[in-house]
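Undergrad: turn this into a structure:
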Amino acid sequence: MNRIVALVVAVVVVLFIGSSMMFVVDERHAGVVSAHGGGTPTLVTPGLHFKLPPPFQTLTLIDTRTLTLDEAGSDRFNTSDKNEVIVNTVIKYRVADPLKLFESNEKNTQTAQDRLAALTRTALTSAFTKRSLTDVLGEQQAIASEAQKEIEQPVAAFGVELVDLQLTRIDFPPAVADSVYKRMIAARQQAAAEARAKGTADADALKASAERQQEAILADAYKEAQTIKGEGDGKAASISADAYGVDPQFYQFYQSLEAYKKTFNAGDVMVVDPSSDFFRFMRSPNGAASSGADATTPALAHKR
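TA: Numbers count the residues shown, from 1 in each chain. The predicted structure follows:
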């Protein structure tokens, strides 16, 4: 009976030792095998592997996927104008060199995340203290990019690759939020008033310029119209003179017709001397002149 118990114990011990010597690393991890008491650790890739049982050799699994470190509302920074802001930071990173991570963090891979968070806070502190509150609110992406660039090399020194760094939210402590919002509103109102004043000044300048252009155009048009009218009057006088020279009697007849048209209107009653020269073309086809009053005006006219 004692032999059977001893055999069972021996089998259990052998199985335990065998299971501690055989291990599997999946695709999400990298394995680091380290020896007790020192020695160079060994990096193993995904697959089935063997090692010495503890305490001779120890296996440490390191996650090589892209991981997220979310610092939600845990960091506070001061701007150059002494305003405190609460910042939510999201960091994306991955372990690029598992062996370097294992060795540089004294076999405690959890401290790598703490070191990453500390480096990020230091870089953001530097970025915020160089900017005013107004600049901070308008340059979130620039601040994140500046901080990411600053810590890329330090984190690479312990085997971590910084994939991305974003500021997801910038807020104010409740004690100062109201005063900050009032200053922001006042600043925006001042900027709006300046924009409106500039717009009014620009509109007045455009209006004055348009009025000057209008006056210049009208003056040029009037001058051109008077020139054209003068040329037309001159041509008309020349044509009239030519016509008079060709047939003086016809010209007199035409002028008399024009005088009749201007003098007589529908419904008028006129009392005139029929022997007046004004009616000579009515008495004779050739307008034979007769003594009497002026040939261009009636002797007496009465309109009713």
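
Undergrad: which residues sit against the helix or strand hosting Thr111?
TA: Here Thr111 is covered by helix 110-129, with elements defined by DSSP states H and E. Applying C-beta atoms under 8 Å, 6 or more residues apart in numbering, the contact partners of helix 110-129 are 69, 71, 75, 77-80, 85, 87, 89, 91, 93, 95, 101, 104-105, 136, 143, 146-148, 150-151, 154-155, 158-160, 162, 165. (Glycine included, C-beta is placed from N, CA and C.)

Undergrad: inside helices: which ones of the residues you listed?
TA: If you go by DSSP state H, the contacts of helix 110-129 have 101, 104, 136, 143, 146-148, 150-151, 154-155 in helices.

Undergrad: from those residues, which one has the minimum pLDDT?
TA: Among these, Ser104 carries the lowest pLDDT, at 81.

Undergrad: re the thing from before, just the buried residues of the contacts of helix 110-129.
TA: Neighbour counting by 16 or more other C-beta atoms under 10 Å classes 71, 75, 77, 79, 85, 87, 89, 91, 93, 95, 101, 104-105, 136, 143, 146-148, 150-151, 154-155, 158-160, 162, 165 among the contacts of helix 110-129 as buried.

Undergrad: can you map out the strands along the stretch 1-150 of the chain?
TA: All strands of the stretch 1-150 of the chain, identified by DSSP state E, counting those that start in this stretch, fall at 22-25, 29-35, 42-44, 47-50, 57-63, 67-78, 84-95.

Undergrad: now for the fourth one, which elements pack on it?
TA: Pointing back at strand 47-50 there. Where contact means 3 or more C-beta pairs under 8 Å, 6 or more residues apart in numbering; DSSP states H and E, strand 47-50 is packed against strand 22-25.

Undergrad: repeat that with 10 Å
TA: helix 2-21, strand 22-25, strand 29-35 (3 or more C-beta pairs under 10 Å, 6 or more residues apart in numbering; DSSP states H and E).

Undergrad: buried sites along it?
TA: Neighbour-count burial for strand 47-50, counted by 16+ other C-beta under 10 Å, picks out His49.

Undergrad: per-residue confidence averaged over it?
TA: Looking at strand 47-50 alone, the average pLDDT works out to 72.

Undergrad: got the CA coordinates for that strand in PDB?
TA: Extracted in PDB, the C-alpha atoms of strand 47-50 (Å, rounded to 0.1, in the frame of the first residue of the first chain):
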ATOM      1  CA  GLY A  47       4.200  28.700 -29.900                       C
ATOM      2  CA  LEU A  48       5.000  25.700 -27.700                       C
ATOM      3  CA  HIS A  49       8.200  26.000 -25.600                       C
ATOM      4  CA  PHE A  50      10.000  24.300 -22.800                       C
END
